[in-house]
Each structure stands twice: as structure tokens, then as C-alpha cells.
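Turn this into a structure:
(one chain, ligands or ions: 2)
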Amino acid sequence: MLTSKQKNIYLRIVRYAAPYKGIIALSMLASMGVAASDAVLAYLVKPFVDDLIIAGNLGLAKLIPFLVVGIAAFKGVSRYIQEYNIRTAGQHAIQDIRNEVFGHTINLSARFFTNNSSGSLISRILNDVNVMQAALSDVLVTLLRETLTMFALTGYAFYVDWKMALMAFVVIPAAVWPAVAIGKKIKKFSRRGQDAMGNVTSVLEQSFSGIKVIKAFATEDQETQKFIRENAGFFTFIRKTFRYSAASAPVMEIMTSFGVAAVLWYGLDRVAVDAMTKGELFSILAAILLMYTPLKRLTKVNNTIQKAIGAAERVFEVLDNQAEIVDATDATDLSRCQGYVKFENVDFAYDDDLVLRDFSVVAKPGEVVALVGPSGAGKSTFVGLLNRFYDPQQGKILIDGYDIRNLTQSSLHDNLALVDQETFLFNDTLMNNIRYGRPDADTSMVEAAARQAYADEFISQLPDGYDTLVGDRGVRLSGGQRQRICIARAILRDAPILLLDEATSALDTESEAMVQRALGNLMANRTTFVIAHRLSTIMHANRILVLDQGEIVESGNHQELLDQDGLYKRLYDTQFEG
Ligand SMILES: Nc1ncnc2c1ncn2[C@@H]1O[C@H](COP(=O)(O)OP(=O)(O)OP(=O)(O)O)[C@@H](O)[C@H]1O
Ligand SMILES: [Mg+2]
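Ligands and ions are numbered 1, 2, ... in the order given. Below you'll find the predicted structure:
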């Protein structure tokens, strides 16, 4: 029923259930109980008809109600044990998959996240993994129980009259074949539906995080239309899966009716010539009718498997993505470095066009190197490269003489403190946001960092102080407040290399001057790279690099650059006009 590729995917899903084989085995045992109960029920029809109704043996009559309840109770308990355990095992496995996918994804490199929308990733981890769950719990439940039931009923029917049983069963393959064809269609549309669900999640995620822009530009209707469109896209595909899955039960039902008709046609003849009892005929009919439910469920299982395989493909696609940036096998664990930073003829392109060209710079501990230049010149890219978010195509980046490609990423990052151009805060308390890169820091350390970042004043004015929740991405704070929290976070991290990418751009001149002074103390025995458009921020740097289109076009201190009368002078004049 499955191609070999599909089988591999399915087996890969099932492997996640392996650690839970104990409860799965218990569940299997219970499902034998369920199957046996059905066979016994079919078997009971014969004495009921022959001995009770026809022969009028009333002694047995007293027994049968008890038997019916007894069997039902036994079947019920077995079924409960079976369902509860198999579902628990399935959910365990799903939890494991979800954790693995998240753990894997978060370790993937920067490029992966520029190429995959967060909406699509969220959708894979939530929706697709959910669909996969059916492959484990529902399928294992049904496959097991219904197959066993089928076997028990078939065995019984053959035992009663093999010729009649055979007649009833030739229709089964005929019923299974359309079910397989239907399953294929379902898989195709289900995979497309899941892709479409990714788009729906994407719109949701974008709309809620961009709510301010939406309101300011009054594009609520436009966004609503976009959502309706994506939602309808999902509906189109999911409806196609309904078209096929709805057909599968009726097809089965019609096929089964052929089996029943054949048995009746032949069986009534046999009863007429006394070759079999009426009880046996009804008993076989009961077996065939009882078989209808498992058969129907089994074809549904095929559909569920197909859907789950489609979803699993999307999940495994993420899992099979290898991180682009990985630690070398013999990577050095850099302890606290001194702070010598060297870029040696670095060429770098995100895609095809070089963003940094033959870029070389040397910085010593205690030095403050500033990067200025027009937007898009490559300043943030420089910071990203030093963090090894990407590897350069040409040239080397060295810290204390070590090529950063030969350092473990965690030790590299331990030596860097970054205040990014895009301030990001977690929806947590101010205390935890500042402590983020240094979980062991105590309250007094956090408060000291906040003071240096000139943040304690506004924090102490908040009713909940350091326990204030900042909202998603810090929405409850002003832009300047957010920046100060990010600076405090970097200060607390206490790393030998400090990277400030437009770290004070949202502060008023007065508080910027204060933060600068605090950072000044901090920079004393560290290497600092400062990026700023506002030249007053970087005027006092030891060295200023002027970047234009990925190249260093000028370098020197403030006065030297003014004397050079180039791009820096022009930028300076425009900013300090009048
Ligand atoms: N993830 C990315 N994928 C592809 N191109 C990128 C990516 N990030 C940046 N770029 C491109 O690289 C160039 C340099 O970008 P970068 O962010 O380094 O500029 P910048 O000097 O920091 O500018 P700004 O002053 O506006 O912050 C730009 O042309 C930008 O379009
Ligand atoms: Mg930038």
C-alpha cells in the first residue's frame, strides 16, 4: 500500500514510539481481547438461532443475556486498556518529536531563518506534528485492533464454512484497491493543505507582531482579506481531502454488500438442502457484518497514514537540515580572551553580491573602534561575521590569534556581548531580561548593570519595578527604555569584546551622554566596536572606520578624518550644519 520511500518515512515516525514499547505491548495484548470478543459474539449467533429459536432449548436462554453482558464488559475493559495506553505512547512519542524539532531548529544557522518564515516553522512544529500524532496513536490503535479482529472473524467464518467464507472474502481485495488509490490523493492534498496552513500561520504571526504598522496605515481590511485568502487556500486543499476520504467508507460499504449478497445467495441454497444449519448461516453473516467496521477503519487508517506521511515529510525536512555553521571537530574552547580582533582580507556575500570586500581591521584590547557609513554599507554584517552567524567566503577572522572557525561557537559567544540594532526583549520580567545572558547573576549585579545602563531610574518608577513584565518583544517599554535594558544585558554579560550596533540611537542626547560615560568605564579593558549614525556617539573613538558599499574608504580618529575632507567630513557637515 505504501511506496518504499513512504515506508521509510513511516518507519521513521514509528521509531519514535520504540522507547514506549512496554505500554504498546500491553495495549497489543488488550487488543487481542477486543478481537476475541467480536469472534465470540459471532460464534454465539449459531447456538442462539439453532438451539434457542429453532430447537426451543430454554435452558440456554437464561445464559445468553449474561454472556452478552460478560463479553461486552470484557471487550470494554480491553478496549479501554488498549486505547489509553496506545494514545499515551503516541503522545509521548509526539512530545519527543516536537522537542527534537525545536531543539534542532534553534541550532540551525542564520541563513536557515532568513529562508524560512517563522510562520511556516511554527506551523510545522504545531500542526504537522499534530497530524503525525495520528500516525502513531490512531494508526497503531486501529491497525492492531482491527487487523486482529479481522483475523479472528475471518478465521471463524472459514471454520464454519470455508467455501462461503471464500465467496465473502474475494471482495476484500476489490474493496482495498480503490481505498489505496483514494489514499494517494489524500496524501497529495493533505501535504498541500499543510503548506497552506503554514501560510495561514505566517499571516497570523506577521499581523500580530506588526499590529502597530497595520493600525497606523489603517490596513486592517487588507490584512483581513489576506487572512481570508490564505484561509481559503487551506480550505481548498482540505476540502479535496474530504472529497476522497468521504468516498472511502461508501466504497467499502458497497463492496461489503456484494459479500453479504453472495453469501445469502449461496447460503440460502445450502440451508434449503440441509447442508448447513440456519444458525451457521446467520453466524457467518454476523461475522461478515462485524467485519465491515474493522475493514472500514482499516481503509481509513490508510488515509490517516497518508496524511501523516505528508506532514512527517514537512517535519523531517526541517530535521534533515544541517546547520551551516558547525563547530570543527577539534574546535578550541576559548576561555576569557584578551580581546585582539583581526579581520584579514574578508570577502563576504549573503547571496551573490559581495557585501564586505577585502575587509581588514585590527583592534587591540582597550581600543574603541567605530564603524560609520551609509545605510547598507555592511556595518551590521561585520558584527554578524564576528559572531560567526555566517562564514566569510574569503579571508579570516581572528580573536587572540585564533581563527574563529576553529573555536567552539559557545566559547566564541561567551567572549562577545552584543547590543543589536534591533532591540529584542523576551516577554518576561525586566530582571530576567537583563539577566538573560548570565543566569547566575544575583539581584545586586542586575541592579548595578541597570544603573550603568542608566535604566534603574525608570525601572524604579514602575509599580512592579524589576518584576515588570515587558510584553511581547518589550512592547510595554519605550524605544529608549528597551535599548537601555539591552545595554544593561550586555554590561552584565561582562564579555571582553563589546559590540554596540546603534545601541544608543533611541536615547535622547542627555541620556546618551550618561550611557556613554558609563560605557566609557566599561570599555576600559575591553575591545569595543561601536556602530552609530549619530557621529557625536563615536567622535571619541580611538579609530573610526568609514564604510561605503562594503569597503573601508577612510580610517583614522575624528580629527584626522575631518582633515581628510572625504565622506566622513561630508557626513559630519550634514549632521552639524548650523
Ligand atoms: N540576511 C541577509 N540576506 C541577504 N542580504 C542581506 C542580509 N542582511 C543584510 N543584507 C544586505 O547586506 C547589505 C549590508 O547590510 P547591513 O545590515 O550590514 O548594513 P548596515 O551598514 O548595517 O546598514 P544600517 O546602517 O542601515 O544598519 C545590505 O545591502 C543588505 O541589503
Ligand atoms: Mg545595521
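
Up against ligand 2, what does the stretch 351-500 of the chain have?
Residues of the stretch 351-500 of the chain lying close to ligand 2 by C-beta under 5 Å from the ion are Ser380, Gln421. For the C-beta atoms, the positions are set from N, CA and C on the backbone; glycine is no exception.

Smallest gap between this structure and ligand 2, at which residue?
Relative to ligand 2, the nearest point of the chain is Ser380 (3.1 Å; C-beta to the ion).

does that residue really touch Val419, like I thought?
No. Using C-beta atoms under 8 Å, Ser380 is not in contact with Val419; the gap is 11.7 Å.

residue contacts, the residue in the stretch 1-150 of the chain positioned nearest to ligand 1?
Residue nearest to ligand 1 within the stretch 1-150 of the chain (C-beta to the nearest ligand atom): Thr114, separated by 4.4 Å. Contacts for Thr114 (C-beta atoms under 8 Å, 6 or more residues apart in numbering) come out as Tyr350.

Tell me how far it lies from Gln95.
Going from Thr114 to Gln95 by C-beta to C-beta, to the nearest Å gives 29 Å.

rewinding a little: specify which residue of Ser380 and Val419 has the higher count of neighbours.
More crowded of Ser380 and Val419, by other C-beta atoms under 10 Å: Val419, with 27 against 19.

Excluding sequence neighbours, find me the nearest residue to the more buried one.
Residue nearest to Val419 in three dimensions, not counting chain neighbours: Ala503, with 3.9 Å by C-beta to C-beta, 6 or more residues apart in numbering.

sec struct for the nearest residue to Thr277 once chain neighbours are set aside, please.
Excluding the flanking residues, the one nearest Thr277 by C-beta to C-beta, 6+ apart is Asp50, at 5.0 Å. Following DSSP: H, G, I helix; E, B strand; the rest coil, Asp50 is assigned to helix.

who touches Asp50 in this structure?
By C-beta under 8 Å, 6+ apart, Asp50 lies in contact with Thr277, Lys278, Gly279, Glu280.

per-residue pLDDT, Gly578?
With respect to pLDDT, Gly578 scores 55.

domain assignment for this structure?
4-319, 337-415+495-578, 425-491 (automatic domain parsing).

is ligand 1 contacted by the second one?
Yes. Counting by C-beta under 6 Å from any ligand atom, ligand 1 has neighbours in domain 337-415+495-578: Tyr350, Asp351, Val355, Ser375, Gly376, Ala377, Gly378, Lys379, Ser380, Thr381.

helix or strand right after the longest helix along the chain?
Assignment by DSSP state H gives helix 220-272 as the longest helix of the chain. The first helix or strand that comes after helix 220-272 along the chain, using DSSP states H and E, is helix 278-319.

now what about stretch 206-225, what contacts it?
Taking C-beta under 8 Å, 6+ apart as the rule, stretch 206-225 contacts Gly119, Val203, Phe227, Asp472, Arg473.

surely the first one meets Asp195?
No. Gly119 is beyond contact range of Asp195, at 11.4 Å (criterion: C-beta under 8 Å).

Helix or strand: which one has the residue of the chain closest to ligand 2?
Following DSSP H and E, one finds Ser380 within helix 379-386.

Show the average pLDDT along that helix.
94.

from here on, count from 451
Got it, first residue is 451 now, which makes that one helix 829-836.

Check which helices and strands that helix sits against.
When contacts are defined as 3 or more C-beta pairs under 8 Å, 6 or more residues apart in numbering; DSSP states H and E, helix 829-836 packs onto strand 791-799, strand 804-813, strand 818-822, strand 947-951, strand 977-981.
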